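Asks: sequence and predicted structure are below.
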Amino acid sequence: MARALYIHWPFCAKKCPYCDFNSHVRESVDIAVWQTALLADMRAEAAVAGGEALTSIFFGGGTPSLMPPALVESLLAEAEQLWGFDPAVEITLEANPSSVEAANFADLAKAGVNRVSLGIQSLDDAALQWLGRLHGASEALKALEVAQKAFERVSFDLIYALPDQTAAQWQAQLQRALAFGTDHLSLYQLTIEPGTRFETDVRLGRFAPLDDETGAELYDLTQELAGAAGMPAYEVSNHARAGQESPHNLTYWRYQDYAGIGPGAHGRRGGFATVRHKKPEIFLAKTSERGHGISEQTMLAPDEQVSEALLMGLRLAEGIDLAAFEARFDRPRWSMVGEQAVQTYRDLGFIWQRGERIGVERKGMAVLNTLIAALVEDGLVGA
């Protein structure tokens, strides 16, 4: 059963124009009401997804660093009582790098958080303003310094492939970022997500996204620079020093069970997919009424489970183990992944195959979604 727990805090000080996450801006938040609701939702989930000590907890959002440390502490205490903690449990909290939130870092560490993921997003003030961020580069770096003193592990995010961004500009920024000494970085290409303000801006011609060819060049540059600094990608956008990969993220990508609580949180347990109500007010009402915030609970068909496991696993540098897939899903490997597609894309240099494992080469990562869809469709349709 679940050995990882995701807790969603849906509130932000401002909605960023590129963000399609379940985040909301509210004038005020009743912390006591939310503590009651989240604890109830956690207890309900533990009743059906308990049994093993947690190896990781992740506070995502939204902006979890806006949570009072006392609330974080109460949720962690309840999680430990319900599941128990593995001795090496990793407890991550996403944070904005503002001076106000950085002031809470020491108290969050005392509450039990031992890893923070900072949404720095850029080291350039003009880019941060365009991205709708409330902090500047100098403030972000001061918050990073505070975080490195407060927490055992620190990661931060950067967004690249912005409109008109050059290779020289990104190289200078990335080299600077790599010099800060963190053991983990998340480096994302800007994507225009449906329903965001940036999608509207592109449709109205206010800006044009960077072209695919230049984006691919920046991706290659990212892999070279990060790899040379001892931080190769272990997933498409996530880089870490050896042994510093995020176990919580690996839970997702290795398609292992995890519990998800809070507004809009997703979970996977025992072949079931769970989704919580997204809108904060509806989540509160349903949790008060029924004791949990689940809006959907669906038993995934075998093909759906295989497809999800492949979609997640092929994002990893380690790839997937075909023999392990056969044992896990009790079906022949070529009924899950297309044998002809693997051979074709391997010959073209998009796929590697070593013994029982297959994975995606660097040039395949540039067309990852299309590539995975072809591999999965060829297997499941041809079965």
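Replies: Cool, got the structure. Just so it is clear, the structure is predicted and the values come from calculations on it, not from any experiment. Residues are numbered from 1 along each chain as shown.
Asks: surely residue 15 is in contact with residue 23?
Replies: Yes. Counting by Cβ atoms under 8 Å, residue 15 touches residue 23, with 6.2 Å between them. All C-beta spots, glycine's among them, are computed from the backbone N, C-alpha and C.
Asks: please identify which of those two sits among more neighbours.
Replies: Between residue 15 and residue 23, counted using other Cβ atoms under 10 Å, residue 23 has the larger neighbour count: 22 against 14.
Asks: which residues touch that one?
Replies: Shown in contact with residue 23 (Cβ atoms under 8 Å, 6 or more residues apart in numbering): 10-12, 15, 61-63.
Asks: can you put those residues in JSON lines and add distance to residue 261, pLDDT and secondary structure?
Replies: Output for those, formatted as JSON lines (distance: Cβ to Cβ, whole Å; pLDDT from 0 to 100; DSSP: H, G, I helix; E, B strand; the rest coil):
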{"residue": "10", "distance to residue 261": "12", "pLDDT": "97", "secondary structure": "coil"}
{"residue": "11", "distance to residue 261": "15", "pLDDT": "96", "secondary structure": "strand"}
{"residue": "12", "distance to residue 261": "19", "pLDDT": "94", "secondary structure": "coil"}
{"residue": "15", "distance to residue 261": "22", "pLDDT": "94", "secondary structure": "coil"}
{"residue": "61", "distance to residue 261": "13", "pLDDT": "94", "secondary structure": "strand"}
{"residue": "62", "distance to residue 261": "13", "pLDDT": "93", "secondary structure": "coil"}
{"residue": "63", "distance to residue 261": "17", "pLDDT": "95", "secondary structure": "coil"}
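Asks: TSV for those, including distance to residue 162?
Replies: Listed next are those as TSV, based on distance: Cβ to Cβ, whole Å:
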residue	distance to residue 162
10	27
11	26
12	21
15	19
61	23
62	23
63	22
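Asks: and the residues you listed, which are buried?
Replies: Buried residues within these, counting neighbours by 16 or more other Cβ atoms under 10 Å: 10-12, 61-63.
Asks: tell me which of the residues you listed is nearest to residue 265?
Replies: residue 10 (9.4 Å; Cβ to Cβ).
Asks: pretty sure the closest one is touching residue 276, no?
Replies: No. The criterion here is Cβ under 8 Å, and residue 10 misses it with residue 276 at 10.0 Å.
Asks: tell me, what's touching these two both at once?
Replies: Joint contacts of residue 10 and residue 276 (Cβ under 8 Å, 6+ apart) are 262-264, 283.
Asks: from the residues you listed, which land in strands?
Replies: Among those, no member falls in strands (DSSP state E).
Asks: list buried residues within these.
Replies: 262-264, 283.
Asks: which of the residues you listed fall within helices?
Replies: residue 283 (DSSP state H).
Asks: next, format the buried ones among the shared contacts of residue 10 and residue 276 as CSV and append distance to residue 123.
Replies: Shown next, in CSV, are those (distance: Cβ to Cβ, whole Å):
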residue, distance to residue 123
262, 31
263, 32
264, 30
283, 36
